[in-house]
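Asker: Pasting a predicted model and its sequence here:
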2 protein chains.
Amino acid sequence: MNPPDPADFVAPAYRSIGESLVRELGKLMVDPAMISLAGGYPGPELFDREGLRAAVDEALREMPVPALQYGPTEGLPGLREQVAQLLGARGTAASAGDVLVTGGSQQGFDLLVRTLLRAGDAALVERPTYTGPLRVLKVAGVRTLTVGVDAHGLDVDELEAMLRDPATPRPKLLYVVPTFANPSGATMPRARRLKLLALAVEHRFVIVEDDPYGQLRFEGAHEPHIAGLVDEVPGSKAWTVHLGSFSKIVAPGLRLGYTVAPPRIRTACVLAKQLDDISSPGFTQATVQRYVAAGRLDAHLPKIVAAYRERANAMRDAIAGHLADRVEFNIPQGGMFMWGRLRDGASTRELLPFAIERKATFVPGDIYYAERADPSSMRLSFATPSPAQIREGVARIGAAIERMGEPGAVPPAWPSVAAAR
Amino acid sequence: MNPPDPADFVAPAYRSIGESLVRELGKLMVDPAMISLAGGYPGPELFDREGLRAAVDEALREMPVPALQYGPTEGLPGLREQVAQLLGARGTAASAGDVLVTGGSQQGFDLLVRTLLRAGDAALVERPTYTGPLRVLKVAGVRTLTVGVDAHGLDVDELEAMLRDPATPRPKLLYVVPTFANPSGATMPRARRLKLLALAVEHRFVIVEDDPYGQLRFEGAHEPHIAGLVDEVPGSKAWTVHLGSFSKIVAPGLRLGYTVAPPRIRTACVLAKQLDDISSPGFTQATVQRYVAAGRLDAHLPKIVAAYRERANAMRDAIAGHLADRVEFNIPQGGMFMWGRLRDGASTRELLPFAIERKATFVPGDIYYAERADPSSMRLSFATPSPAQIREGVARIGAAIERMGEPGAVPPAWPSVAAAR
């Protein structure tokens, strides 16, 4: 007999993985005096509303059937061609036929896990890494192994030692954000990328390169994608999957990303997507296709990058002024995040209530670890606030650190925040 | 050691479930003389391009942040409220908080299977039923049991007998399209709906009511949703999930649907969706929210219904003129489909090449069966073609049946079509 309540059918993995800390912190923003250095959201004033309005107008006028009818699961041919060209402009060879359009790169990763991994399989992630993939792996029952990260991203020597150790379970897949990583902000230099490709070939695991931030470089020269180096490492192309997104360069509310994968893996992802949502919306796809084709992305992206440069500089200077003796930070050349560590080894979880009391939020770093969390780590985002808010927010965090260090300081209670991950 | 080719990681279920027959038939439409009575696509000339253009314009002007920023996984509050009101207008009580916005009702079903079913579990479907859910269940390794359908939809007496038989595996879930079903076109009367609810309570399985076509009634009075009758059957609300879609009443290219489910099941689906694509696009959600709020759905839907009435009448009359002595048909009061059966028991798979030769397509019914397929069944759709095309298409199918019956008739070969399911 079935159980008396249908909710008992729910698989344990889906019963609850707790509240999201970033979401709980978001709720605090109903207070207009609160400054958030927490969320990884693009600044909304940087959305190209006018350009998108013109693009959707064009899409409905010039290509109403692709925009409004059922369409191919792989995505609209014109958008797939645009993606191939965008990748080509960054030195990564791809043809339209290689591209699967997805609901953000989050769906791209979810499709890979659905088709390639089973409960008990092993996968590798960075330590720390983005929470989205961590949650997907956890719910899938995948054994998640971690590789350390330093100021230059994934530590490929540590990875090599792990892979050579016969006690390490054989990973099927490694998830990595090699450029302006979330949360570390770090970027892997070319030599590390090449070594990672060689290790993938030798040890037979799929590299899943997620590149949502690569276009947001405000300083220095572009690194090639890992997927752009496969010709230099024989055999590596078959082991490399590239995920990208329009969320950070156009708008997250379009929910559009893409997967470039070897043919049989791509075919499996197409089938999984067909069963999931048939296809991404023609409406958003046609809009982005027209937006890119009209040169609007090329025209607008420099404005986003310039704003992030200004905000990152403001944060860097504020850190130097208010936090440098207390926190050591990685200062990135692009992306959205600065990653820091309290020098005295104190807990950023404990710091957080003191900061909220002073009306500033950040993300304690522990949520980004599958294991061996560094309790002193913290992530600051400069994407959403203005330079003035950034300066004030960093100053408030500095004051919170001061206060926490005073004898007898009692942190205010934020139970929902304390419980969230 | 891992296998030498990463494609060997792909789970067997995702390696291939073959080409889609409806897709293969779609490819024949490059021939402008071909008339398709096969696809279940809304007629594109019925898309309200002007209304949608105005709605997206409004959305970008009046609610740019919900349209373009990351948003709640559950969906935009305003759209969830619209869905609750649409359901309320049909007599089904729901509040905005009960609603999860999905990537079409296909994703709604996929999320339920991900969270509620495991390989080896049993689920019930109609015989025949829509192919989308059949494929999801197959890939999930679910044991799919079938219940017969007659002119009044799901045969609840057969279902009762199955459930009383101790040899029947306990189903966790039953998927049903109770109104203008795909492919049968049949609608369950109220008494059957009530009995189904009672059986769900007694035998403890979740009813998944999928209602993409219910608003497309061109004749007769609306039947209440199954979910609209739960107050009449004590305990049944906990066992009832309702799926809906904007695909057939606004446009499939928006890829928007919704799930209304008991709280703990809904929560599990929200989590699964968060891991899948974070949320449906704010861009499409805000557009539909504005479209409905401005009264455009109410204004436009009667035009769609009127067009389908005219097309259904044309098909009904053409069947009477060309096919009635060869095929028996269910004539529905709404939706998109007429379901027929060759009276002489011949195979519609064999008929199809003769029809293609005469430049008309339909869908042989066998693809809609999880088991015990009726080889003489066929689905005709009146949604896409004009009344004149419908008349001509039906006449061509009549001629194909004539030709197949002639001694020594050899069907032309369409290998890709013959191999597809």
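Answerer: Yes, it's here.

Asker: Pull out the buried positions in the helix or strand hosting A:Ala320.
Answerer: Here A:Ala320 is covered by helix A:296-322, with elements defined by DSSP states H and E. Of the residues in helix A:296-322, those scored as buried under the neighbour-count criterion (16 or more other Cβ atoms under 10 Å in any protein chain shown) are A:296-297, A:300-301, A:304-305, A:307-309, A:311-316, A:318-319, A:322. All C-beta spots, glycine's among them, are computed from the backbone N, C-alpha and C.

Asker: name the helices or strands packed onto it?
Answerer: In terms of contact count using 3 or more Cβ pairs under 8 Å, 6 or more residues apart in numbering or on different chains; DSSP states H and E, helix A:296-322 is assigned the packing partners helix A:49-62, strand A:337-342, helix A:387-405.

Asker: So which of the ones you listed is nearest B:Val65?
Answerer: For the helices and strands packed on helix A:296-322, distance to B:Val65 was read as Cβ to Cβ. The smallest value, 10.1 Å, belongs to helix A:49-62.

Asker: What lies in contact with that closest one?
Answerer: Surrounding helix A:49-62, the residues in contact under the criterion Cβ atoms under 8 Å, 6 or more residues apart in numbering or on different chains are A:66-68, A:250-251, A:283, A:286-291, A:294, A:296, A:299-300, B:49, B:52-53, B:56-57, B:60-61, B:64, B:68.

Asker: And that helix, how far out from the chain middle?
Answerer: Mean-position distance between helix A:49-62 and its chain equals 28 Å (Cα atoms, centre = their mean, to the nearest Å).

Asker: Could I get the average pLDDT for that helix?
Answerer: Averaged across helix A:49-62, pLDDT comes to 98.

Asker: in chain A, which segments are predicted with low confidence?
Answerer: Within chain A, the segments meeting pLDDT under 70 span A:17.

Asker: Now for the residue lying closest to A:Arg396 once chain neighbours are set aside: which residues touch it?
Answerer: With Cβ to Cβ, 6 or more residues apart in numbering or on different chains as the measure, A:Ala360 is the residue that lies nearest to A:Arg396, at 3.8 Å, once sequence neighbours are left out. By Cβ under 8 Å, 6+ apart, A:Ala360 lies in contact with A:Met34, A:Ile35, A:Ser36, A:Leu37, A:Glu392, A:Gly393, A:Val394, A:Arg396, A:Ile397, A:Ala400.

Asker: and if you look at A:Gly120?
Answerer: Residues touching A:Gly120, when contacts are defined by Cβ under 8 Å, 6+ apart, comprise A:Gly141, A:Val142, A:Arg143.

Asker: hmm, which of those are the buried ones?
Answerer: Judged by neighbour count, with buriedness set by 16+ other Cβ under 10 Å, the buried members of the contacts of A:Gly120 are A:Val142.

Asker: Let's see which of the contacts of A:Gly120 end up in strands.
Answerer: When DSSP state E is applied, the contacts of A:Gly120 are split such that A:Arg143 fall in strands.

Asker: re the thing from before, tell me the helix or strand right after the helix holding A:Ala320.
Answerer: Assignment by DSSP H and E places the next element after helix A:296-322 at strand A:327-330.

Asker: buried ones in that following strand?
Answerer: Within strand A:327-330, the residues that qualify as buried by neighbour count (16+ other Cβ under 10 Å) are A:Val327, A:Phe329, A:Asn330.

Asker: Check which strands are paired with it and give the direction for each one.
Answerer: Each strand that pairs with strand A:327-330, with its direction, by DSSP bridges: strand A:337-342 (antiparallel).

Asker: continuing past the partner strand, what's the next helix or strand?
Answerer: The next secondary structure element downstream of strand A:337-342 (using DSSP H and E) turns out to be helix A:348-357.

Asker: Give me the angle between that following helix and strand A:337-342.
Answerer: Compare the direction of helix A:348-357 with that of strand A:337-342 by axes from the mean of the first three to the mean of the last three Cα atoms, to 10 degrees and you get 110 degrees.

Asker: Taking helix A:387-405 as reference, get the angle to helix A:348-357.
Answerer: 120 degrees.

Asker: Centre of the chain to the next helix-or-strand element following helix A:348-357, how far?
Answerer: Next helix or strand after helix A:348-357 toward the C-terminus (DSSP H and E): strand A:360-361. Once both centres are worked out by Cα atoms, centre = their mean, strand A:360-361 turns out to sit 21 Å from its chain's centre.

Asker: which secondary structure elements does the helix or strand following strand A:360-361 contact?
Answerer: Beyond strand A:360-361 on the C-terminal side, the first helix or strand identified by DSSP H and E is strand A:363-364. Packing contacts for strand A:363-364, counted by 3+ Cβ pairs under 8 Å, 6+ apart, involve helix A:21-27, helix A:348-357, strand A:377-381.

Asker: Give me whichever of these is most buried.
Answerer: The highest mean neighbour count among these belongs to strand A:377-381 (a mean of 26), with neighbours defined as mean count of other Cβ atoms under 10 Å in any protein chain shown.

Asker: Residues touching that one, excluding its own?
Answerer: With Cβ under 8 Å, 6+ apart, strand A:377-381 has contacts from A:36-41, A:128, A:182-183, A:315, A:327, A:329, A:336-342, A:348, A:351, A:362-366, A:368, A:394, A:397.

Asker: how far does stretch A:217-230 stretch from start to finish?
Answerer: In terms of Cα to Cα, to the nearest Å, the two terminal residues of stretch A:217-230 are separated by 22 Å.

Asker: Pull out the buried residues from it.
Answerer: Buried residues in stretch A:217-230, counted by 16+ other Cβ under 10 Å: A:Arg217, A:Phe218, A:Glu223, A:Pro224, A:His225, A:Ile226, A:Ala227, A:Gly228, A:Leu229, A:Val230.

Asker: With stretch A:43-62 instead?
Answerer: Of the residues in stretch A:43-62, A:43, A:46-48, A:51-56, A:58-60 count as buried by neighbour count, 16+ other Cβ under 10 Å.

Asker: tally of neighbours for the residue of the stretch 301-421 of chain A found nearest chain B?
Answerer: Of all residues in the stretch 301-421 of chain A, A:Thr384 sits closest to chain B, at 9.6 Å by Cβ to the nearest Cβ. A count of neighbours around A:Thr384, defined by other Cβ atoms under 10 Å in any protein chain shown, yields 23.

Asker: what does the one 4 residues further on give?
Answerer: Neighbours of A:Ala388 under the rule other Cβ under 10 Å: 10.

Asker: does chain B sit close to stretch A:141-160?
Answerer: No: judged by Cβ under 8 Å from any Cβ of the partner chain, stretch A:141-160 stays clear of chain B, getting no closer than 11.5 Å.

Asker: Any chance of TSV for the contacts of A:Gly120, columns distance to B:Leu154?
Answerer: Putting those into TSV (distance: Cβ to Cβ, whole Å) gives the following:
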residue	distance to B:Leu154
A:Gly141	35
A:Val142	39
A:Arg143	43
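
Asker: and which of the contacts of A:Gly120 is nearest A:Asp211?
Answerer: Using Cβ to Cβ, A:Val142 is the member of these that lies nearest A:Asp211, at 22.0 Å.

Asker: Phi and psi next, for that closest one.
Answerer: Backbone torsions for A:Val142, taken as degrees, to the nearest 10, come to phi -80, psi 140.

Asker: gap between it and chain B?
Answerer: Counting by Cβ to the nearest Cβ, to the nearest Å, the gap between A:Val142 and chain B amounts to 12 Å.

Asker: just checking, that residue touches A:Leu124?
Answerer: No: using Cβ atoms under 8 Å as the test, A:Val142 is too far from A:Leu124 to be in contact (10.3 Å).

Asker: Need the residues touching each of those two.
Answerer: With the criterion set as Cβ under 8 Å, 6+ apart, the contacts of A:Val142 and A:Leu124 do not overlap.

Asker: Count residues in the vicinity of the residue nearest to A:Arg255 when sequence neighbours are not counted, would you?
Answerer: In this structure, A:Arg255 finds its nearest non-sequential neighbour in B:Pro281, 4.1 Å apart by Cβ to Cβ, 6+ apart. A total of 31 residues lie near B:Pro281 under the criterion other Cβ under 10 Å.
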